[in-house]
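S.K.: just to be clear, the model below is a prediction. Sequence and coordinates:
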Amino acid sequence: AQTVTQSQPEMSVQEAETVTLSCTYDTSENNYYLFWYKQPPSRQMILVIRQEAYKQQNATENRFSVNFQKAAKSFSLKISDSQLGDTAMYFCAFMGGAGTASKLTFGTGTRLQVTL
Amino acid sequence: GAVVSQHPSWVICKSGTSVKIECRSLDFQATTMFWYRQFPKQSLMLMATSNEGSKATYEQGVEKDKFLINHASLTLSTLTVTSAHPEDSSFYICSSFRASGMGYNEQFFGPGTRLTVL
């Protein structure tokens, strides 16, 4: 079974600064997908960024980028130019690439607080 | 992203009653939908996989007879919490799964339903 570990329960960053959220995972699969989701106080899950394991290039979405290290099974999220609206819970998630692979396995989450 | 709706957004019920939560995939037909449960300040825990036209697949430890799932159409899955008790109070989230031929697999989440059992 896959596991996803987020070792930072809480993080704080000042507005306009950069912060990196850590995520490691364990799997025996070679093809899979990794996601970062944001859950603001509204509790709506919002996709921040995704990475296909077969792609070597790190995904980027505006101020959000990942550092995907397949061999190390690491998938960190970097938020640049942090904004107050980035305050939320962030969940790292794993989706396998075959079979019952459409399931998502979530990490325990990191609560990010952006301060003035 | 695709739109998934849930109804109701919140519900309060008495212990012993049953509550039905609807999840609708508004933008695409979803053969697979998922139901999650989230306790305060915790992560999402998968309860079951809802498959259109067939029985749901439940995760270990989830009572099938307590959490009834019906996926009668490609756009609607329902979760019925039967004989609800206070310990069933939680935030329930559904998602619709979409797989593309380009390998762009993704789940789209509903806004969640807060269930409070008195």
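M.R.: That came through, no problem.
S.K.: using the three-state scheme, assign the residue nearest the centre of chain B.
M.R.: Nearest to the mean C-alpha position of chain B, by CA atoms, centre = their mean, lies residue B:35 at 3.2 Å. At residue B:35 the chain is in strand, as set by DSSP: H, G, I helix; E, B strand; the rest coil.
S.K.: quick one: pLDDT of the residue in chain A that chain B sits nearest to?
M.R.: Residue of chain A nearest chain B, by CB to the nearest CB: residue A:45 (3.8 Å). Just so you know, the C-beta spots here come from the backbone N, C-alpha and C atoms, and that holds for glycine as well. Looking at residue A:45, its pLDDT stands at 96.
S.K.: and it, how many neighbours?
M.R.: Residues near residue A:45, counting by other CB atoms under 10 Å in any protein chain shown, number 27.
S.K.: returning to that earlier point: identify the bridge partners of the residue nearest to the centre of chain B.
M.R.: residue B:48, residue B:94 (DSSP bridges).
S.K.: what's the nearest residue to the residue nearest the centre of chain A if we skip its chain neighbours?
M.R.: Closest residue to the average C-alpha location of chain A: residue A:36 at 3.1 Å, with CA atoms, centre = their mean. In space, and not counting its chain neighbours, residue A:36 is closest to residue A:48: 4.3 Å by CB to CB, 6 or more residues apart in numbering or on different chains.
S.K.: low-confidence ranges in the chain?
M.R.: All of this refers to chain A. For chain A, the stretches with pLDDT under 70 are A:98-101.
S.K.: wrong chain, I was asking about chain B
M.R.: Counting by pLDDT under 70, the low-confidence segments of chain B come to B:100-104.
S.K.: please enumerate the strands of it.
M.R.: With DSSP state E, the ranges of strands along chain B come out as B:4-7, B:10-13, B:19-25, B:32-38, B:44-51, B:57-58, B:67-73, B:76-81, B:90-98, B:106-109, B:113-117.
S.K.: rewinding a little: would you check that the residue of chain A closest to chain B makes contact with residue A:37?
M.R.: Yes. Counting by CB atoms under 8 Å, residue A:45 does reach residue A:37; the two are 5.1 Å apart.
S.K.: out of everything not next to it in sequence, what's closest to residue B:109?
M.R.: Per CB to CB, 6+ apart, closest to residue B:109 is residue A:45, 3.8 Å.
S.K.: contacting residues around the one you found?
M.R.: In this structure, residue A:45 makes contact with A:37, A:38, A:39, A:91, B:44, B:93, B:95, B:109, judged by CB atoms under 8 Å, 6 or more residues apart in numbering or on different chains.
S.K.: now with 10 Å?
M.R.: Contact analysis of residue A:45 by CB atoms under 10 Å, 6 or more residues apart in numbering or on different chains lists A:35, A:37-39, A:89, A:91, A:93, A:104, A:106, B:4, B:36, B:38, B:44, B:93, B:95, B:107-112.
S.K.: could you do residue A:33 as well?
M.R.: For residue A:33, the contacting residues are A:50-54, A:93-97, A:101-102, A:104, B:103-106, by CB under 10 Å, 6+ apart.
S.K.: among these, which ones are in strands?
M.R.: Mapping the contacts of residue A:33 onto strands (DSSP E) picks out A:50, A:51, A:52, A:93, A:94, A:95, A:96, A:104, B:106.
S.K.: and residue 86, how many neighbours?
M.R.: As the question left the chain open, I've gone with chain A. 20.
S.K.: that's the wrong chain, I wanted chain B
M.R.: Using other CB under 10 Å, residue B:86 is surrounded by 9 other residues.
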